[in-house]
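S.K.: Return atomic coordinates for the entry below.
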Amino acid sequence: MVYTGALQRDYERLNMMTLQEFLEKQFDENLMLAVLSGQRSKEKEAPSKVRIRQIELKGSVCYQASSTVGSKVLHSNYSREEVIAYVEQSLQEGGFSQLQVQGRCKDGSVLVSKKGKVTVKVKEHQAKEPVQILAHNRVKQYILKEGTPVPFLVDLGVMNKEGKIHRPAYDKFKQINRFLEFIEDILPALSREREVTILNFGCGKSYLTFAMYYYLKELKKYDVHIIGLDLKEDVIRKCNGLAEKYGYEPVNVVPQLKAGGSFSTAAYHTLEHPVAVEHIKAHAGIDIGDTLIGMHMRDVAVPVRIQTKAIGGAHVVCARTRLKFVGGIRARYDEEQM
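M.R.: Numbering: from 1, shown residues only. Now for the predicted structure:
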């Protein structure tokens, strides 16, 4: 970027300040986040990173430094004068080589070379929303909120009928909500134009399976079909009972020779704990016996020619899938994905 005139002078003024001047200007009511990183010290107790933000503590604003030491995070609270002194000392004597600062109106960085040379850079930007200073003991905002009864959590013993979490199950409650945060992150990738099928191997008591269905189907209104698989017959029986109770859609089928094929029939009656699924959407498949494997695969199925044409007296058919061609006769396609 080329700066001219007054803008050039402002840029030079902002980037010629001392470390002390930089910290005085950045650590004010507009500070959003500051991060110390690039630890050069080899001491085991030296923090690898320090995150600094404003918090409200006992009615007044202070600066909280969260230091990462190994797998632990240690918290310290400072006044404005104290945090400026702490950061300055950390860069000049504490082994940190870098400071990144995000502010409401300007961002900045400090780099310290191995010889101790300090480089300060500041970049002004359009003002963001006013900084939200959070209370130190703020209540965690869960997706499934405590105090709101959720039927499957009541039946699974996580909460009571009033929505209060049972103390022994609080870790499970937090785990479920943390899992749903991951699901929330992938929502933009889930289609609302078709049914989404999710398969859960080893579902156990199905805490997470029911949580995912409740979140996607009941709260977010996605068209989803979730299948839980487990080897324990009593677990499957209980989960099917709960699914039926909540109005979730279970399936029931026993493969027969004329309805399902000989292989699935033999497998179902031979395995100790067989489970039938309604449908799958595979990327590729191999079939022995001329069954139309395309019905179990994603659109669009493409034949794969192999040297082995038969096993015994049964034909062998293989197929893979490719992306759909869209756009009409004038469209162009990526040959690597055909």
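
S.K.: Which parts of the chain are strands?
M.R.: 31-39, 49-57, 60-69, 72-78, 96-103, 106-112, 118-124, 134-135, 196-201, 224-229, 284-288, 301-304, 310-311, 314-321 (DSSP state E).

S.K.: Would you tell me which of the ones you listed gets closest to residue 210?
M.R.: strand 224-229 (8.7 Å; CB to CB). Using the backbone N, CA and C atoms, a C-beta is placed for each residue, glycine as well.

S.K.: picking that back up, out of the strands of the chain, which is the most enclosed?
M.R.: Ranked by mean neighbour count, the strands of the chain are led by strand 96-103 with a mean of 20 (mean count of other CB atoms under 10 Å).

S.K.: can you list the residues that contact that strand?
M.R.: 26, 30-40, 50, 87, 90-91, 107-114 (CB atoms under 8 Å, 6 or more residues apart in numbering).

S.K.: partners of it, with directions?
M.R.: Paired with strand 96-103 in the same sheet, following DSSP bridges, are strand 31-39 (antiparallel), strand 106-112 (antiparallel).

S.K.: okay, those strands in TSV with distance to residue 69 next?
M.R.: Below are the strands paired with strand 96-103 laid out as TSV (distance: least, CB to CB, whole Å):
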stretch	distance to residue 69
strand 31-39	10
strand 106-112	21
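
S.K.: So which of these is nearest residue 311?
M.R.: Using CB to CB, the strands paired with strand 96-103 put strand 31-39 closest to residue 311, at 59.6 Å.

S.K.: domain assignment for this protein?
M.R.: 5-135, 151-249, 281-338 (automatic domain parsing).

S.K.: and residue 271, which of those is closest to it?
M.R.: Nearest to residue 271, of the domains of the chain and by CB to CB, is domain 151-249 at 9.5 Å.

S.K.: average pLDDT for that closest one?
M.R.: Per-residue confidence for domain 151-249 averages out to 79 on the pLDDT scale.

S.K.: Return the distance of that domain from the chain's centre.
M.R.: Chain-centre distance of domain 151-249: 17 Å, with CA atoms, centre = their mean, to the nearest Å.

S.K.: before we move on, the earlier item: out of the domains of the chain, nearest to residue 141?
M.R.: Ranking the domains of the chain by proximity to residue 141 (CB to CB) places domain 151-249 first, at 9.4 Å.

S.K.: Provide a list of residues in contact with residue 114.
M.R.: Neighbouring residues of residue 114 by CB under 8 Å, 6+ apart: 40, 97.

S.K.: Can you check what pLDDT the model gives it?
M.R.: The predicted structure scores residue 114 at 86 on the pLDDT scale.

S.K.: any idea how far residue 168 is from it?
M.R.: Noted for residue 114: a distance of 53 Å to residue 168, by CB to CB, to the nearest Å.

S.K.: try residue 269
M.R.: In this structure, residue 269 and residue 168 are 41 Å apart, going by CB to CB.

S.K.: Ok, residue 303 next?
M.R.: Relative to residue 168, residue 303 is positioned 56 Å away (CB to CB).

S.K.: With residue 176 instead?
M.R.: With distances taken as CB to CB, residue 176 is found 14 Å from residue 168.

S.K.: The two: which has the busier surroundings?
M.R.: Between residue 176 and residue 168, residue 176 has the larger neighbour count (other CB atoms under 10 Å), namely 24 against 9.

S.K.: helices or strands up against the lengthiest helix in the chain?
M.R.: Once the chain is assigned using DSSP state H, the helix that runs over the most residues is helix 170-185. Of the remaining helices and strands, those touching helix 170-185 by 3 or more CB pairs under 8 Å, 6 or more residues apart in numbering; DSSP states H and E are helix 207-213.

S.K.: for the protein, which residue is closest to the average position?
M.R.: residue 182 (3.2 Å; CA atoms, centre = their mean).

S.K.: what about that residue, distance to residue 220?
M.R.: Applying CB to CB, one obtains 14 Å for the distance of residue 182 from residue 220.

S.K.: Count the neighbours of residue 92 for me.
M.R.: Look at residue 92: counted by other CB under 10 Å, it has 13 neighbours.
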